[in-house]
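Asker: got a predicted structure here, sequence first:
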Amino acid sequence: MSCNNFTSTFRLGDSFPDAVLQTTDGQQVYAHQIVLKMHPGKLYDLVDGAEKTAAKMHNTRAVVDIPATRAVVCRLLTLMYPLGIADDAARGLEGLIATHYLAKELDVSSANILISYILMANTDADPHKVFVMASHMGYVDVARHAARSALKLPLISSHVAFHSSDPEFETVHMATFLKLGEFHQDASSAAASAIGNFASVVLNDPEDVAAYIGHGESWWAQEGHAAGCGAFMASDGSDGMPTVLAPAKWFAALLVGVESEVRTTPTRETAAAAVMNWSGVVFSMSRCSLCTRAASSSLPKLARRIGNVVHKEIESVAGRYEFLITK
């Protein structure tokens, strides 16, 4: 839908478009003065002045010079008109940076809310681009959300490729892209370190485990564990008591696999899924059938716990970052 289509067909009572917006590329866009004058500030003053001039010259429409191209003016109008944003193209990212700055120059404050909405709606599909746009335009909450969402994708340099191919990003600092890569690396390191720390907490010498839970080696034999299975304990964190018991050697291998995956994609979902995906090591490395059965039933809880540990570390890293990049 072109902006002239929706602005000319939109009616307020018997009011048809009574303003002509003259763009920098020599185009004309029709609009309603009542819509344009909803925001006190520069745009209001421009329209008001053009309206008075038109009245003196007995013109039916006020002509307003707008310091932007037709495409940018149309994009801004989709944010100002009822149902304008219902157009699919209006919810895309193209031209949004220029629209933001035009809205800022003309004091169209309501556009900020809708621009934030558009950015958030595109975060899952294109988190890298949304991050760059949000951090550059000052939408800090959106930038932080997009940075977290970008962690779902592998850390690669190709996410900056659009910087050179998209004219709209000529003004965006390369520091923006570098900041995103830096955050991804720090989050990866923190997640991997958290898993390593998790292992150091729950992996103990069998004698230490036995002493902690109040049982000796005879308990393991009575319970039917294989000799030297080397137990580990994992607490659910509520009362400090162990809730999972399984062979330390397969658990160590499991954590190595999980750590490897979160270094590439540091998210709670990746960590939890990796626990389940690497569960095959239970059957390949453990010779204790009792521990194998116990571990298998405990894996979902273990996956959630490790996922939460990773998520907590990532949130801590994100909280320390300043994602806004100024011109």
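Answerer: Nice, thanks for sending it over.
Asker: assign His39 to helix, strand or coil.
Answerer: The three-state assignment at His39 reads coil, by DSSP: H, G, I helix; E, B strand; the rest coil.
Asker: show me what contacts it?
Answerer: 106-110 (CB atoms under 8 Å, 6 or more residues apart in numbering). To be clear about C-beta, it is placed using only N, CA and C from the backbone, and glycine gets the same treatment.
Asker: rerun at 7 Å
Answerer: 107-110 (CB atoms under 7 Å, 6 or more residues apart in numbering).
Asker: phi, psi for it please.
Answerer: phi -120, psi 110 (degrees, to the nearest 10).
Asker: look up how far Gly138 lies from it.
Answerer: Per CB to CB, to the nearest Å, His39 is found 18 Å from Gly138.
Asker: pLDDT weak spots in the stretch 201-327 of the chain?
Answerer: 201-253, 280-298, 324-327 (pLDDT under 70).
Asker: let's see that with 80 instead.
Answerer: Scanning the stretch 201-327 of the chain for pLDDT under 80 picks out 201-256, 278-302, 322-327.
Asker: likewise for the stretch 51-200 of the chain?
Answerer: 56-60, 81-91, 154-178, 196-200.
Asker: quick one: the helices in the stretch 1-150 of the chain?
Answerer: 3-9, 33-36, 42-56, 70-80, 96-105, 110-121, 127-137, 140-150 (DSSP state H, counting those that start in this stretch).
Asker: closest one to Val262 among those helices?
Answerer: helix 140-150 (14.0 Å; CB to CB).
Asker: so Ile118 sits against Gly95, correct?
Answerer: No. With contacts counted by CB atoms under 7 Å, Ile118 stays clear of Gly95, the gap being 10.8 Å.
Asker: the more surrounded of the two?
Answerer: The neighbour comparison of Ile118 against Gly95 (other CB atoms under 10 Å) goes to Ile118, with 21 against 18.
Asker: skipping adjacent residues, who's closest to that one in space?
Answerer: Using CB to CB, 6 or more residues apart in numbering and skipping residues adjacent in sequence, the residue nearest Ile118 is Arg91, 5.6 Å away.
Asker: can you give the domain ranges for this structure?
Answerer: Following automatic domain parsing, one finds the domains of the chain at 1-92, 185-318.
Asker: let's have the helices of the stretch 1-150 of the chain in JSON lines, adding distance to Gly307.
Answerer: Shown next, in JSON lines, are these (distance: least, CB to CB, whole Å):
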{"stretch": "helix 3-9", "distance to Gly307": "46"}
{"stretch": "helix 33-36", "distance to Gly307": "48"}
{"stretch": "helix 42-56", "distance to Gly307": "49"}
{"stretch": "helix 70-80", "distance to Gly307": "38"}
{"stretch": "helix 96-105", "distance to Gly307": "34"}
{"stretch": "helix 110-121", "distance to Gly307": "24"}
{"stretch": "helix 127-137", "distance to Gly307": "20"}
{"stretch": "helix 140-150", "distance to Gly307": "14"}
